[in-house]
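Enquirer: This is the structure alone, sequence omitted:
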């Protein structure tokens with residue numbers, strides 16, 4: 001007897017339906033075809049033990065299983081449940097007249113219980129698109145799948161529940177989530193606040209500008225000046241995720257299994273802070289079976305690189321293209337996958353190997369050592385960072401001051417007002433905020449008067465800036481004007497934007 005069970009495979013951050021054809025025939029043997037990997041090939045042992053422990057058995061017949069399409073490689077142990085149900089139905093141990101109405105996925109333990117799987121959200125979205133009635137999966141993943149409406153989601157703990165559902169029409173409990181309610185309840189939760197930062201008003205202003213326009217920023221300062229403290233608080237002033245952005249972000253984290261059992265939807269912008277020993281593949285994604293890297297996990301959020309010069313140069317250089325294109329393409333001989341990577345880069349570094357600025361009496365680094373340290377960051381990479389800001393050490397009077405600084409909520413309100421201006425400006429364009437502007441948008445929306453042109457021309461000549469740095473200054477100036485709610489960019493805005501190019505100054509050419 002031939003039966004068909006439906007599962008799903010992850011390709012990039014999308015899912016593709018897999019038809020699992022199980023045929024029971026006269027003879028002896030177990031044959032699994034359709035490009036399965038080792039984890040799927042080993043499933044026969046898990047399935048056999050699981051069925052025995054819940055009162056069923058592997059049939060003493062010839063079992064042939066084909067996973068179609070046969071030219072697409074299948075990975076992981078998530079097909080255990082679908083194969084097991086297919087074997088029981090094909091060997092007529094259970095009746096399953098409505099098997100074709102459901103997508104079934106789950107990893108089996110030897111006692112028949114189910115283990116969580118990865119990529120649940122893309123699978124649920126695909127199941128709804130293709131008109132399946134429901135999705136049966138491990139209970140630990142049920143909340144994540146339930147955010148997809150118009151799809152019945154059933155979370156189960158043991159294969160026996162699934163058997164009884166199909167064979168005896170014993171109902172399963174449907175999992176339902178009020179997505180919008182949960183989204184709104186958690187959207188404004190942040191563990192850190194800018195009011196906790198003492199002093200550093202200039203750096204806070206730079207952070208506000210960066211958040212308002214989605215600009216990349218690097219903080220340069222001695223140890224203990226508050227660079228990491230500032231960086232950790234930047235998600236609290238970014239605009240809240242839209243529901244569409246939340247779904248996009250959740251899909252990526254779902255593919256790598258980063259969604260907790262008690263979480264259904266990511267409601268705050270991700271903040272990723274990889275260690276400086278990270279490899280280039282782990283940062284941008286890839287591997288034998290490609291997975292999203294840290295830059296994709298930071299999509300719609302923040303990627304924080306603490307002590308940026310300590311990262312391997314090859315790791316930093318692979319970010320250059322994703323910073324421009326806001327996506328990364330992983331190519332293999334037989335296929336390629338695209339991962340979104342629209343993130344805000346926040347980096348920090350010391351001014352020298354000793355940790356101090358060149359004019360600080362505590363600086364013990366020679367000019368050669370300082371130049372070699374600065375050369376760890378290439379010019380093309382620094383060009384892609386819109387804002388370079390120096391973070392000075394905090395004086396005792398500021399540390400001892402008991403007064404609270406401006407809180408994140410107040411700063412966020414200004415940032416959101418600036419973003420609203422940008423949304424209105426770009427409503428007929430394929431971008432959302434100033435940092436995404438291309439040459440056409442810069443020409444259209446960053447018009448300068450004669451005074452501003454003279455000022456930026458002088459800066460270009462004195463600082464020997466590249467064409468890309470020129471564009472970055474205009475983008476930042478546009479954001480500063482938006483924060484001031486001014487339509488025209490003035491020389492004041494240009495002057496402030498130029499001040500945010502610290503690493504382009506002769507001060508660093510020691």
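Expert: All right, it came through fine. It should be emphasised that the depicted structure is a prediction, and the values quoted were computed from it without experimental measurement.
Enquirer: Worst mean pLDDT across the helices and strands of the chain, which element?
Expert: Lowest by mean pLDDT, DSSP states H and E among the helices and strands of the chain is helix 179-186, with a mean of 70.
Enquirer: Quick check: next helix or strand after that one?
Expert: Going down the chain from helix 179-186, the next helix or strand is helix 201-213, by DSSP states H and E.
Enquirer: remind me which residues of the protein are low pLDDT?
Expert: Counting by pLDDT under 70, the low-confidence segments of the chain come to 182, 185-188, 261-262, 504-510.
Enquirer: Quickly list the domain ranges of it.
Expert: Domain segmentation of the chain under automatic domain parsing yields 2-167, 185-508.
Enquirer: closest to residue 177 out of those?
Expert: The closest of the domains of the chain to residue 177 is domain 2-167. By Cβ to Cβ, the value is 4.1 Å. Using the backbone N, CA and C atoms, a C-beta is placed for each residue, glycine as well.
Enquirer: Helices of the stretch 251-400 of the chain, residue ranges please.
Expert: Using DSSP state H, counting those that start in this stretch, the helices of the stretch 251-400 of the chain run over 280-284, 294-297, 313-317, 320-325, 367-374, 379-383, 396-400.
Enquirer: just so I know, which of these lies nearest residue 95?
Expert: helix 294-297 (43.8 Å).
Enquirer: So which elements touch the helix or strand encompassing residue 125?
Expert: For residue 125, the enclosing helix or strand under DSSP H and E is helix 120-129. For helix 120-129, the packing partners by 3 or more Cβ pairs under 8 Å, 6 or more residues apart in numbering; DSSP states H and E come out as strand 2-11, strand 14-25, strand 134-138, helix 142-145, helix 243-255.
Enquirer: okay if I get the ones you listed as CSV plus mean neighbour count and distance to residue 69?
Expert: Formatted as CSV, the entries for those read as follows, by neighbours: other Cβ atoms under 10 Å; distance: least, Cβ to Cβ, whole Å:
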stretch, mean neighbour count, distance to residue 69
strand 2-11, 21, 9
strand 14-25, 18, 8
strand 134-138, 25, 21
helix 142-145, 26, 23
helix 243-255, 21, 20
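Enquirer: Let's have those in TSV, adding distance to residue 301.
Expert: Compiled in TSV, the helices and strands packed on helix 120-129 are given as follows (distance: least, Cβ to Cβ, whole Å):
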stretch	distance to residue 301
strand 2-11	21
strand 14-25	20
strand 134-138	27
helix 142-145	18
helix 243-255	7
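Enquirer: Relative to residue 97, which of those is closest?
Expert: Nearest to residue 97 among the helices and strands packed on helix 120-129 is strand 2-11; the distance by Cβ to Cβ comes to 10.5 Å.
Enquirer: can you list contacts of the closest one?
Expert: For strand 2-11, the surrounding residues in contact (Cβ atoms under 8 Å, 6 or more residues apart in numbering) are 15-24, 72, 74-75, 78-79, 82-83, 85-86, 89-90, 96, 99-100, 102-105, 118-119, 122-123, 126-127, 132, 255, 335, 337.
Enquirer: List buried residues within the residues you listed.
Expert: Neighbour counting by 16 or more other Cβ atoms under 10 Å classes 15, 17-18, 20-24, 74-75, 78-79, 82-83, 85-86, 89-90, 96, 99, 102-105, 118-119, 122-123, 126-127, 132, 255, 337 among the contacts of strand 2-11 as buried.
Enquirer: between the domains of the chain, which gets nearest to residue 175?
Expert: When those are ranked by proximity to residue 175 (Cβ to Cβ), domain 2-167 comes first, at 4.2 Å.
Enquirer: where's the closest one relative to the chain centroid, distance-wise?
Expert: Distance, stretch centre to chain centre, for domain 2-167: 28 Å (Cα atoms, centre = their mean, to the nearest Å).
Enquirer: again with stretch 406-419
Expert: Averaging C-alpha positions (Cα atoms, centre = their mean) puts stretch 406-419 23 Å from its chain's average.
Enquirer: So which residue is smack in the middle of the chain?
Expert: Closest residue to the average C-alpha location of the chain: residue 297 at 2.3 Å, with Cα atoms, centre = their mean.
Enquirer: so what's it up against?
Expert: Residues in contact with residue 297, defined by Cβ under 8 Å, 6+ apart, are 252-253, 256, 258, 270, 272.
Enquirer: What distance do you get for it to residue 327?
Expert: Relative to residue 327, residue 297 is positioned 14 Å away (criterion: Cβ to Cβ, to the nearest Å).
Enquirer: do residue 293 as well
Expert: Distance of residue 293 to residue 327, given as Cβ to Cβ: 12 Å.
Enquirer: for residue 45, same thing?
Expert: 40 Å.
Enquirer: Skip the chain neighbours and tell me the closest residue to residue 278.
Expert: The shortest distance from residue 278 to any residue that is not its chain neighbour, by Cβ to Cβ, 6 or more residues apart in numbering, is 6.3 Å, and that residue is residue 315.
Enquirer: Burial check on the one you found, number of neighbours?
Expert: Using other Cβ atoms under 10 Å, the number of residues around residue 315 comes to 19.
Enquirer: my guess is it meets residue 281, correct?
Expert: No. Under the criterion of Cβ atoms under 8 Å, residue 315 lies out of contact with residue 281, with a separation of 9.4 Å.
Enquirer: which stretch among the helices and strands packed on helix 120-129 comes nearest residue 472?
Expert: So among the helices and strands packed on helix 120-129, helix 243-255 is nearest, using Cβ to Cβ, at 24.2 Å.
Enquirer: Where do the strands of the stretch 301-450 of the chain begin and end?
Expert: Remark: strands assigned in the stretch 301-450 of the chain by DSSP state E, counting those that start in this stretch are 302-305, 327-331, 336-340, 344-349, 387-390.
Enquirer: Return the list of helices and strands in contact with the second one.
Expert: Applying 3+ Cβ pairs under 8 Å, 6+ apart, one finds that strand 327-331 contacts strand 285-286, strand 336-340.
Enquirer: So what touches the longest one?
Expert: In other words, strand 336-340. Applying Cβ under 8 Å, 6+ apart, the set of residues contacting strand 336-340 from outside is 11-13, 248, 252, 285, 290, 292-293, 296, 299, 326-330.
Enquirer: which of residue 293 and residue 327 has more neighbours?
Expert: Each of residue 293 and residue 327 has its neighbours counted (other Cβ under 10 Å); residue 293 has more, 28 against 15.
Enquirer: quick one: contacts for the more buried one?
Expert: Taking Cβ under 8 Å, 6+ apart as the test, what residue 293 contacts is 281-286, 328, 339.
Enquirer: and with 10 Å instead?
Expert: Taking Cβ atoms under 10 Å, 6 or more residues apart in numbering, we find residue 293 in contact with 256, 272, 274, 278-287, 318-319, 322, 328, 330, 339, 341.
Enquirer: Repeat that for residue 259.
Expert: With contact set as Cβ under 10 Å, 6+ apart, residue 259 has these partners: 116, 118-121, 140-141, 143-144, 250-251, 253, 265-266.
Enquirer: Also residue 422?
Expert: For residue 422, counting by Cβ under 10 Å, 6+ apart, the contacting residues are 212-214, 431-437, 445, 478-479, 482.
Enquirer: Likewise for residue 309?
Expert: With contact taken as Cβ under 10 Å, 6+ apart, residue 309 is in contact with 276, 316, 347-350, 353, 372-377.
Enquirer: Can I get these in CSV including distance to residue 153 and neighbour count?
Expert: Compiled in CSV, the contacts of residue 309 are given as follows (distance: Cβ to Cβ, whole Å; neighbours: other Cβ atoms under 10 Å):
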residue, distance to residue 153, neighbour count
276, 41, 13
316, 42, 19
347, 41, 25
348, 42, 22
349, 46, 23
350, 50, 21
353, 55, 16
372, 57, 13
373, 53, 18
374, 53, 19
375, 54, 11
376, 49, 15
377, 47, 19
